[in-house]
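S.K.: 3D model of this:
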Amino acid sequence: MMLNICADPRILSIIRLVKIIITIIKIVVPIILIVTGMISFVKATIKGEVNDTLKGLINKVIAAILVFLIPTFVSLLVNLVSSDSEYKACLSDSTTEGINAAYVARAKQMVLDAKNTLNTGLYTAAKTEVSALEDDAAKSSLEQELVEVNKEIEKAKEERKAKEEERRRAGGSGTGSINADGKYTKAEIIDMSEQQVKDMTNEQFIEFMASAARIVYSEYGGVLPSITIAQACLESGYGNSFINTTHNVFGLIGYPGSKPKVGVLRQFDNFYEATYYHYAYFQNYINVYGNFLAKCENHDALGAASHLGAYANGSTTYAPSIQALINQYDLTKYDY
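M.R.: Now for the predicted structure:
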């Protein structure tokens, strides 16, 4: 809808620039026409050629009037005929005040998103957006909100640390310490067909991948189950978009080199094998993912996710998307 598009302050800035250009044209072009007409008329008068030049002057004056009035008439006609109040609001908001208000509205939404998800990536983006605001009152208010959001994020981190400590006291730490009991056994994961996975709901797919992720983690450590599950959800659209016969729910293309390809995707025999090689991928490129694996070792899933940009060829939205999925489905519960 028009109003939604024009809620973007960048769009409003472009519209404002166009309006300024039209205004300049309305004023400057008529002045040029009239001035050049007058100059020609004066020269013709001196030479005694008034009649023909007078017609030219009159034509230029008429053209100047038309250039000045046509945009005004068009705008008036559109306002009278159009019932699209969103279009009118879009034009009226394309002022300095309207643009600043749009920036404030966008910053408020970003702060709200960070508050609702406790997503570190969204928090950082919101902080950057707020810091750029020119409205000092709104900026100060939102900065205070961000302080509270940051406290909630830190609180969530402490709760995860407490869960980890409880897990350590209950059964040790390190590779293999996780309780891998899940809805599906290793044999069931290996035997699961792609069509069966495609027929799952989002929640069922998460439970299926949670079983595979927890088993691989209990056997090898490395990547936290919450990260594995979130990446499978995002990369495959909850098991719907991977190429048939590949079982490749992680979008793996470059590793392992010995596996065949279907298109650009690596082909795996079953979902357990795909999950294992998802773990192996990070181990193989430890020089790139050292910080990621260190965060996983500390059971900091959201912190680990912040180092996943390289997984998506440097995408700035990939890591926040993984963090959002972890928060949305409380996937860290599978890490213990």
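S.K.: Quick one: residues contacting Asn116.
M.R.: Asn116 makes no contacts at all, as judged by C-beta atoms under 8 Å, 6 or more residues apart in numbering. For the C-beta atoms, the positions are set from N, CA and C on the backbone; glycine is no exception.
S.K.: element containing it?
M.R.: helix 96-117 (DSSP states H and E).
S.K.: could you point out which element follows that helix?
M.R.: Following helix 96-117 in sequence order, the next helix or strand is helix 120-131 (DSSP H and E).
S.K.: Point out the other elements, helices or strands, that that following helix touches.
M.R.: Helix 120-131 sits against helix 96-117, helix 136-171, helix 301-305, helix 318-328, with contacts defined as 3 or more C-beta pairs under 8 Å, 6 or more residues apart in numbering; DSSP states H and E.
S.K.: With mean pLDDT and distance to Glu207 as added columns, please give the ones you listed in TSV.
M.R.: Listed next are the helices and strands packed on helix 120-131 as TSV, based on pLDDT from 0 to 100; distance: least, C-beta to C-beta, whole Å:
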stretch	mean pLDDT	distance to Glu207
helix 96-117	81	22
helix 136-171	77	20
helix 301-305	92	18
helix 318-328	93	14
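S.K.: most packed of those?
M.R.: Of all the helices and strands packed on helix 120-131, helix 301-305 carries the top mean neighbour count, a mean of 25, counting by mean count of other C-beta atoms under 10 Å.
S.K.: Gly309 contacts Thr317, doesn't it?
M.R.: No: at 9.4 Å, Gly309 does not count as touching Thr317 under the criterion of C-beta atoms under 8 Å.
S.K.: Serialize the helices and strands packed on helix 120-131 to a markdown table and add fields for distance to Thr53.
M.R.: Below are the helices and strands packed on helix 120-131 laid out as a markdown table (distance: least, C-beta to C-beta, whole Å):
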| stretch | distance to Thr53 |
| --- | --- |
| helix 96-117 | 44 |
| helix 136-171 | 59 |
| helix 301-305 | 76 |
| helix 318-328 | 68 |
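S.K.: Identify whichever of those lies nearest to Thr201.
M.R.: Among the helices and strands packed on helix 120-131, helix 318-328 comes nearest to Thr201, with 14.8 Å by C-beta to C-beta.
S.K.: Run the angle between that closest one and helix 96-117 for me.
M.R.: 50 degrees (axes from the mean of the first three to the mean of the last three C-alpha atoms, to 10 degrees).
S.K.: Walk me through the domains of the chain.
M.R.: For the chain, the structural domains run 2-94, 109-159, 174-335, going by automatic domain parsing.
S.K.: Of all these, which one comes closest to Tyr103?
M.R.: Closest to Tyr103 of the domains of the chain is domain 2-94 (C-beta to C-beta; 4.6 Å).
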